[in-house]
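>>> Below are the sequence and a predicted model for it; my questions follow.
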Amino acid sequence: MGNLKIVSHSEDPFMNREEAGRRLAEELGEYKDKDTVVLGIPRGGVVVARELARILHAELDVVLSRKLGAPGNPELAIGAISEDGTVLLDEDLKQRLGASDEFTGYVEDEQEKQYTRIAESIERFRRVKPKTPVQGRTVIVTDDGLATGATMQASLRTVRKENPKRLIAAVPVGSMDALERIAPEADETIALKAPPIFYAVGQFYEYFGQTSDEEVITSLKENRER
């Protein structure tokens with residue numbers, strides 16, 4: 001397991017994702033001007049990543065992963081799929097929900113549906129900024145928060161295949177279960193907050209509006225030009 005650093009267990013909310021990114025950058029100051037790459041998980045994670053990249057003078061890009069929703073409850077993640085086709089399933093949850101042929105068929109359909117959406121995003125975002133090479137570089141992967149950690153775990157495994165020099169998972173807030181789940185996938189995991197009671201990422205933001213594809217594209221363009 002990589003090193004897991006939790007700054008606090010505070011339940012106080014951030015104002016918004018921008019503030020969360022700025023405060024996260026304070027914990028990652030050692031990576032400023034070090035040829036660092038910051039990868040945000042779209043869409044909300046890109047807002048956090050944008051602030052990190054701006055303050056650390058780092059290159060900004062995305063890593064695309066989507067959660068696999070449970071049957072009848074799409075907000076409950078039973079796993080995740082990433083842009084290179086890496087699939088992770090929560091085996092404990094899978095057993096509780098049942099391992100019938102019907103469930104297996106549902107999971108296969110859900111994987112196909114979510115990967116189709118990833119492919120659409122790849123087409124949209126890579127037109128603006130081609131994929132950033134990360135081999136031999138320090139890479140920070142971030143999101144606006146971790147509930148189950150499934151999409152972050154899938155993202156970290158995808159990035160690890162590209163042989164970065166150092167792989168860091170950094171988030172403003174996460175549940176303890178999620179942070180412990182992802183810690184083995186990174187060389188270092190940093191969370192500003194790991195509140196003892198965690199229902200959803202949105203409870204730790206005063207403003208938690210939807211982030212659009214257009215905002216992601218603008219962030220990539222601005223970083224590329226800078």
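Received the coordinates, thanks.
>>> Show the residue spans covered by the strands in this protein.
In order along the chain, the chain carries the following strands (DSSP state E): 3-8, 37-40, 59-62, 65-70, 73-82, 87-89, 138-142, 166-173, 188-193.
>>> out of these, nearest to Leu220?
Distances from Leu220 to each of these were compared by CB to CB, and the smallest falls on strand 59-62, at 6.4 Å. Just so you know, the C-beta spots here come from the backbone N, C-alpha and C atoms, and that holds for glycine as well.
>>> Let me see the residues that make contact with the closest one.
The contact list for strand 59-62 (CB atoms under 8 Å, 6 or more residues apart in numbering) reads 36-42, 46, 49-50, 53, 121, 125, 129, 131-132, 216, 219-220, 223.
>>> before we move on, the earlier item: compare the strands of the chain and report which one is nearest to Glu180.
Proximity to Glu180 (CB to CB) singles out strand 3-8 among the strands of the chain, at 7.3 Å.
>>> Give me the buried positions along the closest one.
Leu4 (16 or more other CB atoms under 10 Å).
>>> Same question for stretch 57-71.
Under the neighbour-count criterion of 16+ other CB under 10 Å, stretch 57-71 has 58-70 buried.
>>> Pull up the distance across it, start to finish.
Criterion CA to CA, to the nearest Å; first-to-last residue distance in stretch 57-71 is 42 Å.
>>> Please state the offset of that stretch from the chain centre?
5 Å (CA atoms, centre = their mean, to the nearest Å).
>>> hmm, back to that, any chance of the strands of the chain in JSON lines, with mean pLDDT and distance to Thr151 too?
Conversion of the strands of the chain to JSON lines gives the following (pLDDT from 0 to 100; distance: least, CB to CB, whole Å):
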{"stretch": "strand 3-8", "mean pLDDT": "96", "distance to Thr151": "18"}
{"stretch": "strand 37-40", "mean pLDDT": "98", "distance to Thr151": "12"}
{"stretch": "strand 59-62", "mean pLDDT": "97", "distance to Thr151": "12"}
{"stretch": "strand 65-70", "mean pLDDT": "91", "distance to Thr151": "4"}
{"stretch": "strand 73-82", "mean pLDDT": "87", "distance to Thr151": "5"}
{"stretch": "strand 87-89", "mean pLDDT": "89", "distance to Thr151": "9"}
{"stretch": "strand 138-142", "mean pLDDT": "98", "distance to Thr151": "10"}
{"stretch": "strand 166-173", "mean pLDDT": "98", "distance to Thr151": "11"}
{"stretch": "strand 188-193", "mean pLDDT": "98", "distance to Thr151": "15"}
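>>> Serialize these to TSV and add fields for distance to Leu156.
Shown next, in TSV, are the strands of the chain (distance: least, CB to CB, whole Å):
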stretch	distance to Leu156
strand 3-8	13
strand 37-40	10
strand 59-62	14
strand 65-70	9
strand 73-82	9
strand 87-89	10
strand 138-142	6
strand 166-173	6
strand 188-193	9
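>>> could you redo the buried residues of stretch 57-71 as CSV and give each row distance to Pro164?
What follows is those, written out as CSV (distance: CB to CB, whole Å):
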residue, distance to Pro164
Ala58, 13
Glu59, 13
Leu60, 15
Asp61, 12
Val62, 15
Val63, 11
Leu64, 17
Ser65, 16
Arg66, 22
Lys67, 23
Leu68, 25
Gly69, 30
Ala70, 32
